[in-house]
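Enquirer: please work out how this folds:
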Amino acid sequence: MNEVYSYCEEHMEKSIKHLDHEFSGLRMGRATPALLDNVRVNYYGVQTPVNQCASISVPEARLLVVQPWDKTLLSSIEKAIQAANLGLNPINDGMIIRVPIPALTDERRKELVKIVHQMAEEGRIAVRSVRRDANEKIKKLEKDKDISEDNAKDALEEIQKITDKFIEKINEAQKVKEKDILED
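Expert: Here you go, the predicted model:
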């Protein structure tokens, strides 16, 4: 039983971490290197994250500076940032790329809130999927007569409690992210 519980918690925790990573890539009103985490550039034939082929700094609250280690990547990085559909307009000066972060409009804030809802729902689906897998393991143990019917019932209730705890964490993360977006 404890194996099933730890499996459940471990995989649900991974879902939460993935959701947090996804949330960090959403653009708010201020600059953060995490904005470019999902931007990939063709680096000698391999799709590579920008942060693995350039340094990204934040000299001002609304400005990112991308300095590639290989200057031949300047135009590729610029195009990759534009193609990432982040609403950013990079400026290439031949040495570095400046990425000004424009203030969010009300319309863009609403779009971001919808995206947050979507990401949170995907997180909840992932948690429920782990619950389903754990429940199937418990039912198999019961069917194989490894545990009693009462123990199986108790285990299913415990898995539901664990699931509820992680769903609540997702709901809290969603509220915090929405608040950040709407107040920025």
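Enquirer: tell me the helix or strand right after the longest helix belonging to the chain.
Expert: The single longest helix within the chain, with elements called by DSSP state H, is helix 106-143. Scanning forward in sequence from helix 106-143 by DSSP states H and E, the next helix or strand is helix 149-183.
Enquirer: and the gap between the residue sitting furthest away from the middle of the chain and L182?
Expert: Ranking residues of the chain by C-alpha distance from their mean position (C-alpha atoms, centre = their mean) puts K145 at the top, at 40.4 Å. Using C-beta to C-beta, to the nearest Å, K145 is found at 54 Å from L182. Glycine gets a C-beta too; all of them are placed from N, C-alpha and C.
Enquirer: OK, contacts around A83?
Expert: With C-beta atoms under 8 Å, 6 or more residues apart in numbering as the criterion, no residue contacts A83.
Enquirer: mind pulling up the pLDDT for it?
Expert: Listed pLDDT for A83 reads 87.
Enquirer: what's the answer for D184, then?
Expert: For D184, pLDDT reads 60.
Enquirer: pull the number of nearby residues for R132.
Expert: If you count neighbours by other C-beta atoms under 10 Å, R132 ends up with 12.
Enquirer: from L36, how far off is K79?
Expert: On the measure of C-beta to C-beta, K79 and L36 end up 13 Å apart.
Enquirer: for the two, work out which one has more neighbours and name it.
Expert: L36 (25 against 14).
Enquirer: quick one, what contacts that one?
Expert: By C-beta under 8 Å, 6+ apart, L36 lies in contact with P49, V50, N51, I56, L64, V66, I81, A84, V99.
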